[in-house]
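A.B. asks: Sequence and predicted structure below; questions after.
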Amino acid sequence: MTLGPADRGFVDEVRRESGQDPSNCYQCGTCTAGCVYTPFFDYPVNQIMRLLQLGQKDCILASRAIWICATCEACTARCPCEIDVARIMDVLRIMARKEGLVSEKEVRLFHDTFLKSLRRHGRVYEPGILFGFNLRSGHLLRAADLGPTVLRKGKIPLLPKGIRGKTSIERIFRAYEDRIG
């Protein structure tokens, strides 16, 4: 990996948006050791943090790691410096989307489908997410064999359930869209 010039403005923006100070990370590796997705990352979590300290905006925003991260917060819970690493990863994903740098297309597609379902129903409607994702990804019958079993066992609802306060959720989405432009 060849490093580009340091982008101090990027580091400051991540610090401001996340409320976390990446310079507090001393590279102990606990975040990486506790992450079950480490084998699938192009850069383990501690390397993302180091690249962030070095202001390597292009490298980070183009990485697979920020999209594969499940935001399970194991890294955050285990960080001896009490850095909310998962929050930093969220901010990095938002920044990458703003700049059109989404390296994992199916992860982005699933993310978009999930949020569309949440916005439409006020909660997650799993059958709608699965159908929408499979349709848009071109894998229409992916995991179709599981459908009858989970429906028969009552594990997922056939129809979405409504919720109170859906207008509040819509306000959250609009505020987010206004923020990212």
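C.D. replies: Thanks, I have the structure now.
A.B. asks: Can you tell me which helix or strand of the chain has the lowest average pLDDT?
C.D. replies: Comparing helices and strands within the chain by mean pLDDT, DSSP states H and E singles out helix 147-152 as the least confident, with a mean of 75.
A.B. asks: How far away from the center of its chain is that helix?
C.D. replies: Its chain's C-alpha centre lies 28 Å from the corresponding centre of helix 147-152 when counted by CA atoms, centre = their mean, to the nearest Å.
A.B. asks: Quick check: closest non-adjacent residue to Met89.
C.D. replies: Setting aside the residues directly before and after it, Met89 is nearest to Cys69 in space (CB to CB, 6 or more residues apart in numbering), at 4.7 Å. Where C-beta positions appear, they are placed from N, C-alpha and C, glycine not excepted.
A.B. asks: State the pLDDT value of that neighbour.
C.D. replies: According to the per-residue confidence, Cys69 scores 91 in pLDDT.
A.B. asks: quick one: stretch 100-118 to chain centroid distance?
C.D. replies: 9 Å.
A.B. asks: Can you mark which positions in it are buried?
C.D. replies: If you call a residue buried by 16 or more other CB atoms under 10 Å, then stretch 100-118 has these buried ones: 101-104, 107, 110-111, 113-114, 117-118.
A.B. asks: Give me the contact list for it.
C.D. replies: When contacts are taken as CB atoms under 8 Å, 6 or more residues apart in numbering, the neighbours of stretch 100-118 outside the stretch itself are 61-64, 67-68, 96-97, 124-125, 128-129, 132-133, 136-137, 169, 173.
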